[in-house]
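Novice: next come a sequence and a model predicted from it.
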Amino acid sequence: LSKEELKLLLSQLGMKKDDRDLDQWFEIIDEDDNGEIGFDEFVNIFRRENESPLNLEQFLRETFNLYDSDGSDEISREELKTMMAQLGYDLTIRQLDEMIAEVDENNNGEIDFQGT
């Protein structure tokens, strides 16, 4: 995630952070100094911010539910396409299917939320 993508995501979840806060997070969290936050770095933000895996899981669940527009407890290809479009990405069906395949443990063609 870039700073702007993270800011948008947090804003959508009602967690407004100003640019100074984001700069501080990036300075601490962006371990490889590439100007983006990878998944592991993203998870570390909430571990450090909240110091509780429960808060992280709650945040991830709320984020998941935000994009699970039909309430099925699964994110479909269309829901993923909408989410990625909101983040500024126009992905092809193939790209979306590849993203889903990376995390689709039960091979149902959708993304399921699996907490700890």
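Specialist: Noted; the coordinates are in hand. Numbering: from 1, shown residues only.

Novice: contacts only, for Asp23.
Specialist: Listed by Cβ atoms under 8 Å, 6 or more residues apart in numbering, the contact set of Asp23 reads Lys3. Every C-beta, even on glycine, is put in place using the N, C-alpha and C of the backbone.

Novice: from the chain's centroid, how far away is the helix ranked longest in the chain?
Specialist: Criterion DSSP state H: the longest helix present in the chain is helix 53-67. The chain centre lies 9 Å from the centre of helix 53-67; the measure is Cα atoms, centre = their mean, to the nearest Å.

Novice: does anything pack onto that helix? Which helices or strands?
Specialist: With contacts taken as 3 or more Cβ pairs under 8 Å, 6 or more residues apart in numbering; DSSP states H and E, helix 53-67 sits against helix 39-50, helix 77-86.

Novice: weakest of these by average pLDDT?
Specialist: Per-stretch mean pLDDT for the helices and strands packed on helix 53-67 is lowest at helix 39-50 (a mean of 65).

Novice: for the protein, which spans come out with low pLDDT?
Specialist: The chain contains residues with pLDDT under 70 at 13-15, 25, 43-56, 115-116.

Novice: appreciated, that's everything.
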